[in-house]
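Student: Sharing a model prediction with you, sequence too.
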Amino acid sequence: MDRDDERPLYLQVADQLRAKITSGELQEGDRLPSVPGLASELGIARSTASEALKVLISEGLAVARSGAGTFVRLPREPQRLIRAWYRATPYGSPFRQDMERQGRAAGWTYDSQTVQAPPEIRTRLALPEPEGETEDVVRTHYVFTADEEPVMLSTSWEPLATTRGTLIVLPEDGMLAGRGVVERMLSIGVVINDWVEEVSSRLGTAVECDGLKRPPGSIMMTIQRTYYAGEHPVESADIVVPADRFTLVYSGKMGTAAKR
């Protein structure tokens, strides 16, 4: 250790380990020294060794596995997540199309329930004041995977006033299951012709980091999307993706369709 270096010792230790990873001395899947082993080898406190490993985990260069230790995890090339209105194939799952273009197998799990929309969702979907405890939306939680690895979370809300009594009331049931909001709505005569997305970033919650198998405190990109049929919102979703795993790519044709 360089005692003349004014930086905290844990950062110096992290630098040493990082250099071994980037040089190839440590490969993907190699086990990093344990906290006691690192402390003994370098003559530092265990708390310093622990903080150094946490730095590598936060940078995505290592992953901690309960009961097994901390292992090298090399950075992956960010995946492109296309946010485009016009696509080569206008129907089907947009996520599946994106992953297949990149040679990855797409999949997802879901859980749908009819609930009463909370205040923020009522505003986004332009719903009237609730009547008692009446359920007025279908809420669907998704976990999307690429090559069986979780890469995106989404919670979608659709007003029952639009879909009640139709074959698409549950997004993942029936003949159009998994076909995407635009195609499903079109089947009942609702033409989605506009959309708005708000993109931000923040620290992931404990539930999000666990669901996406990312280290605690990982940075997440959040997308708040709402689809419109004319001026009427017909679906809104909250999407969460790891910031270090995806690049968002936006595109759209100019003209009458570009209203917002």
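Tutor: Thanks, I have the structure now.
Student: Tell me where the protein has helices.
Tutor: 9-23, 35-42, 46-58, 94-101, 119-124, 160-163, 181-186, 206-211 (DSSP state H).
Student: For these, which has the smallest mean pLDDT value?
Tutor: Note on the helices of the chain: helix 94-101 shows the lowest mean pLDDT, a mean of 82.
Student: residues in contact with it?
Tutor: 79-82, 87-89, 105-106, 108, 144, 146, 152, 178, 180 (Cβ atoms under 8 Å, 6 or more residues apart in numbering). All C-beta atoms are positioned from the backbone trio N, CA, C, and that covers glycine.
Student: Now the helices of the chain in JSON lines, please, with extra columns for distance to residue 195 and mean neighbour count.
Tutor: Formatted as JSON lines, these follow (distance: least, Cβ to Cβ, whole Å; neighbours: other Cβ atoms under 10 Å):
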{"stretch": "helix 9-23", "distance to residue 195": "41", "mean neighbour count": "16"}
{"stretch": "helix 35-42", "distance to residue 195": "48", "mean neighbour count": "15"}
{"stretch": "helix 46-58", "distance to residue 195": "34", "mean neighbour count": "19"}
{"stretch": "helix 94-101", "distance to residue 195": "11", "mean neighbour count": "18"}
{"stretch": "helix 119-124", "distance to residue 195": "12", "mean neighbour count": "15"}
{"stretch": "helix 160-163", "distance to residue 195": "16", "mean neighbour count": "18"}
{"stretch": "helix 181-186", "distance to residue 195": "9", "mean neighbour count": "20"}
{"stretch": "helix 206-211", "distance to residue 195": "23", "mean neighbour count": "14"}
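Student: who wins for proximity to residue 236 among these?
Tutor: Of all the helices of the chain, it is helix 119-124 that lies closest to residue 236, at 4.4 Å by Cβ to Cβ.
Student: now that closest one: how far from the chain's centre is it?
Tutor: 22 Å (Cα atoms, centre = their mean, to the nearest Å).
Student: Packing partners of that helix?
Tutor: Under the contact criterion of 3 or more Cβ pairs under 8 Å, 6 or more residues apart in numbering; DSSP states H and E, helix 119-124 touches strand 232-242.
Student: ends of stretch 180-191, how far apart?
Tutor: Length of stretch 180-191, first residue to last, Cα to Cα, to the nearest Å: 13 Å.
Student: so how far is it from its chain's centroid?
Tutor: The answer for stretch 180-191 is 25 Å, by Cα atoms, centre = their mean.
Student: Adjacent strands (with direction) for the lowest-mean-pLDDT helix or strand in the chain?
Tutor: Within the chain, no helix or strand scores below strand 79-84, which has a mean of 73 by mean pLDDT, DSSP states H and E. Applying DSSP bridges, strand 79-84 is found paired with strand 246-251 (parallel).
Student: Who is residue 223 paired with across the strands?
Tutor: residue 199, residue 239.
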